[in-house]
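1. The following comprises the amino acid sequence and a computationally predicted model.
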Amino acid sequence: MRPEPLNTEDLIDRLAAGARPIPEHRPARRAALCAGLALVASAIVVWMTLGPRPDLASVVDEPAFLLRQVYALSVAGFAGWLMLRLGQPGAPVRGPVIGLGAVALLVIGLVAWEQAGLGDASRLDSLLGQSWTQCSLRVGAISLVATPFVFFAARRLAPARPTMAGLAAGIVAGAVAASAYGLYCAEITATFVATWYSLGIVTSGLLGGALGRWVLRW
């Protein structure tokens, strides 16, 4: 006796019968956990390869150190929010984009204020510091440690634009790497951080975009 044919609606009903709704905040919690693990892994790499600043304990409450960490972690937070929104087809992205833009404007304003208070001879020093040839490369290299953790969270989403989602994930990884690198770096000017840290973060973002095109496709 031939089995009764199963129509499409019946098939969908059977497949959906055991489905359970995903808790609303689970993707955000997963992304936060993965970003935290990425930060810990990046910090361990910095500690083992470069070592912390000898005077780290005495500078953790200084404005230059705190502002650098606030900048990096703010970028990571807003980029992570953007990654989550891009991973939900149809979700608005205006909020995280405005957040990233606000961080950029604040940093530009801080650089302009800093430059206005410097003489001509000091402006180049504030840009180059002592390690401009190494900073962006190191942030980019450390971001390679953070990237797998962030992409693990991104892979659990459903981005309609995988390249853009990968770009956001790469920026998260780069910003996390920048925060970890800040435990070693002794540069103190806003101009240096805005230029060379940002270059490392953008490089990581571009790499993430290239990876996302393939890794985040579904």
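-> On my side now, so go ahead. Residues are numbered from 1 along each chain as shown.
2. Just name whatever secondary elements whichever strand or helix holds Ile201 is in contact with.
-> Using DSSP states H and E, Ile201 sits within helix 198-215. If you count contacts as 3 or more CB pairs under 8 Å, 6 or more residues apart in numbering; DSSP states H and E, helix 198-215 packs onto helix 63-86, helix 132-155, helix 162-181. For the C-beta atoms, the positions are set from N, CA and C on the backbone; glycine is no exception.
3. And it, how far out from the chain middle?
-> When distances are taken as CA atoms, centre = their mean, to the nearest Å, helix 198-215 is centred 10 Å away from the chain's centroid.
4. Spatially central residue in the protein, please.
-> The centroid of the chain falls nearest to Val172 when counting by CA atoms, centre = their mean (0.9 Å).
5. how near is that one to Leu50?
-> To Leu50, Val172 is 22 Å away according to CB to CB, to the nearest Å.
6. swap in Pro27?
-> According to CB to CB, Pro27 stands 33 Å off from Leu50.
7. Next: Tyr71.
-> With the distance defined as CB to CB, Tyr71 ends up 20 Å from Leu50.
8. same thing with Gly80?
-> Shown here: Gly80 relative to Leu50, a distance of 25 Å by CB to CB.
9. lowest-confidence helix or strand of this protein?
-> In the chain, the helix or strand scored least confidently by mean pLDDT, DSSP states H and E is helix 8-17, which has a mean of 54.
10. which is the next helix or strand following it?
-> With elements assigned by DSSP H and E, the helix or strand that comes after helix 8-17 is helix 26-49.
11. what does the first helix or strand past that following helix going along the chain contact?
-> Next in sequence after helix 26-49, counting helices and strands by DSSP H and E, comes helix 56-59. With contact meaning CB atoms under 8 Å, 6 or more residues apart in numbering, helix 56-59 is reached by Arg53, Phe65, Leu183.
12. who touches the nearest residue to Leu37 once chain neighbours are set aside in this structure?
-> Closest residue in space to Leu37, ignoring its immediate chain neighbours: Phe149 at 5.0 Å, by CB to CB, 6 or more residues apart in numbering. Shown in contact with Phe149 (CB under 8 Å, 6+ apart): Cys34, Ala35, Leu37, Ala38, Ala41, Ala173.
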